[in-house]
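>>> I'd like to go over a predicted model; first the sequence, then the structure.
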Amino acid sequence: MKISSAFAHRTIRAAVLIAFVFFIVRISRSDALSYYVAPRMELWVKGLAFGLYVLAMHQLYLAVRDVLSKKKTAAITCACSSHSHDQWKPSVIIMYAALIVPLVLAFFIPDAVLGSQMASKKGLNLTPSGILLHSNSGDAAPNLIPNHKLQLDSGPSFPFNEYTRPYAKQAADMYNQPLISINDDIYIESLTSMDLYQEQFIGKKVQISGYVYRLDSMNKNQFAVGRFAMRCCVADSVPLAILVETDTPEQWPNDMYVVVLGTIKKRNFDGKSVLDIDAKSIDTQKVPTNPYVYGNPYFGN
């Protein structure tokens with residue numbers, strides 16, 4: 001293997017690594033990192049950028065060293081055929097392409113929030129408690145068997161067990177509010193609690209903000225309001241939403257950020273029992289700085 005070939009490979013590797021570093025730095029400085037990863041992962045991504053930078057400098061050092069010394073590395077002087085990582089084989093070219101093509105797309109495609117098109121493809125989650133109830137599929141469905149209940153002094157009870165205890169407490173706290181307000185810091189847990197105790201919340205007033213989403217199976221007077229819930233990164237995000245009914249659906253196009261005030265009802269949608277807001281008022285609202293919602297790390301503590 002000639003030194004020029006090894007130099008080319010190492011230079012390409014360094015360039016790809018530096019490009020990844022520049023991309024991470026760019027989205028970090030433009031506050032677009034939250035479009036890709038959850039806040040708890042941002043420090044790890046920034047640490048990754050530093051590691052990639054170190055690796056890139058190492059590759060450049062090896063490339064320059066070989067040119068200046070005009071000596072072959074140990075892998076090059078070896079006569080056996082197993083050291084093929086510096087050869088221009090199709091597998092090597094494919095490997096470079098698999099790294100370079102996503103990089104080019106990342107730099108030229110503008111940063112954007114996941115919207116109604118992606119929500120339609122992934123499917124709206126209108127029953128978030130389903131994940132909680134069926135999380136222990138290998139067990140004899142212990143989540144489905146409440147063995148305790150939280151009884152309000154003047155109101156309904158909220159059955160729970162060791163898995164649903166935090167949601168019963170959250171549901172009871174929400175029920176006691178004259179107007180249930182779904183806040184960003186506990187968005188996922190609030191929707192899950194309401195869905196878990198659907199009967200108890202019928203007739204309660206609620207206010208929720210989110211993006212407008214639609215499915216083909218919805219009636220003309222229906223749309224959904226919700227947010228994408230992210231666990232670690234954008235790949236695992238799921239659109240959580242609640243059904244809304246209004247007499248003026250045409251005024252609220254997809255992806256508009258709105259705040260809905262109305263009364264909670266229950267109806268059947270796509271063969272499932274879901275909560276539905278009979279909207280009394282709908283207004284536009286300023287889009288939040290962070291478009292996604294995340295699990296509250298302190299929930300249940």
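Yes, it's here. Numbering: from 1, shown residues only.

>>> which residue ranges form the strands in the stretch 101-250 of the chain?
Assigned strands in the stretch 101-250 of the chain, in chain order: 148-151, 157-160, 180-181, 205-213, 222-229, 238-245 (criterion: DSSP state E, counting those that start in this stretch).

>>> right, so of those strands, which gets closest to L103?
Comparison of the strands of the stretch 101-250 of the chain against L103 by Cβ to Cβ identifies strand 222-229 as nearest, at 24.3 Å. All C-beta spots, glycine's among them, are computed from the backbone N, C-alpha and C.

>>> mind exporting that closest one as PDB, just the C-alpha atoms?
Provided in PDB are the C-alpha atoms of strand 222-229 (Å, rounded to 0.1, in the frame of the first residue of the first chain):
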ATOM      1  CA  GLN A 222     -62.400  16.700  14.800                       C
ATOM      2  CA  PHE A 223     -58.700  17.100  15.200                       C
ATOM      3  CA  ALA A 224     -56.100  16.300  17.800                       C
ATOM      4  CA  VAL A 225     -54.000  18.600  19.900                       C
ATOM      5  CA  GLY A 226     -50.700  17.300  21.300                       C
ATOM      6  CA  ARG A 227     -47.000  17.200  21.300                       C
ATOM      7  CA  PHE A 228     -44.200  14.800  20.400                       C
ATOM      8  CA  ALA A 229     -42.900  13.100  23.500                       C
END
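
>>> centre of the chain versus it, how much separation?
Here the centre of strand 222-229 is set off from its chain's centre by 14 Å, with Cα atoms, centre = their mean, to the nearest Å.

>>> again, but for stretch 54-66
Between the mean C-alpha position of stretch 54-66 and that of its chain there is a distance of 36 Å (Cα atoms, centre = their mean).

>>> average model confidence for that stretch?
Across stretch 54-66, pLDDT averages out at 90.

>>> same question for stretch 246-258.
Here stretch 246-258 scores 94 as its mean pLDDT.

>>> and the end-to-end length of it?
Taking Cα to Cα, to the nearest Å as the measure, stretch 246-258 stretches 13 Å from start to finish.

>>> where does the stretch 1-150 of the chain dip in pLDDT?
For the stretch 1-150 of the chain, the stretches with pLDDT under 70 are 1-3, 70-87, 132-147.

>>> make that the stretch 201-301 of the chain, sorry
Checking the stretch 201-301 of the chain against pLDDT under 70 turns up nothing.

>>> again, 90 this time
Scanning the stretch 201-301 of the chain for pLDDT under 90 picks out 216, 234-235, 270-271, 289-290, 297-301.

>>> mean neighbour count, the strands of the stretch 101-250 of the chain: which tops it?
Greatest average neighbour count among those goes to strand 222-229 (a mean of 24), per mean count of other Cβ atoms under 10 Å.

>>> tell me what that one is packed against?
For strand 222-229, the packing partners by 3 or more Cβ pairs under 8 Å, 6 or more residues apart in numbering; DSSP states H and E come out as helix 116-122, helix 187-196, strand 205-213, strand 238-245.

>>> ok, which of those comes nearest K220?
Using Cβ to Cβ as the criterion, the shortest distance between K220 and those is 10.3 Å, found for strand 238-245.

>>> tilt between that closest one and strand 222-229?
Taking axes from the mean of the first three to the mean of the last three Cα atoms, to 10 degrees, one finds that strand 238-245 is oriented at 160 degrees with respect to strand 222-229.

>>> what's the single longest helix in the protein?
Longest helix in the chain, counting residues (DSSP state H): helix 39-69.

>>> mind listing what's buried along it?
By neighbour count, and taking 16 or more other Cβ atoms under 10 Å as the criterion, the buried residues in helix 39-69 are M41, A49, L52, Y53, L55, A56, Q59, L60, L62, A63, D66.

>>> most widely separated two among the residues you listed?
Looking at the buried residues of helix 39-69 by Cβ to Cβ, the two members farthest from one another are M41 and D66, with 37.0 Å of separation.

>>> skipping adjacent residues, who's closest to P253 in space?
With Cβ to Cβ, 6 or more residues apart in numbering as the measure, V212 is the residue that lies nearest to P253, at 6.7 Å, once sequence neighbours are left out.

>>> equivalent analysis for A112, please.
Once its chain neighbours are removed from consideration, A112 has its nearest residue in Y35; the separation is 7.3 Å (Cβ to Cβ, 6+ apart).

>>> who does the longest helix of the chain touch, helix- and strand-wise?
helix 3-29.

>>> what angle separates the helix it packs on from helix 39-69?
For helix 3-29 against helix 39-69, the angle by the same axes, to 10 degrees is 150 degrees.

>>> got the buried residues for helix 3-29?
With burial defined by 16+ other Cβ under 10 Å, the residues of helix 3-29 counted as buried are 3, 6-7, 9-10, 12-14, 16-21, 23-24, 27.
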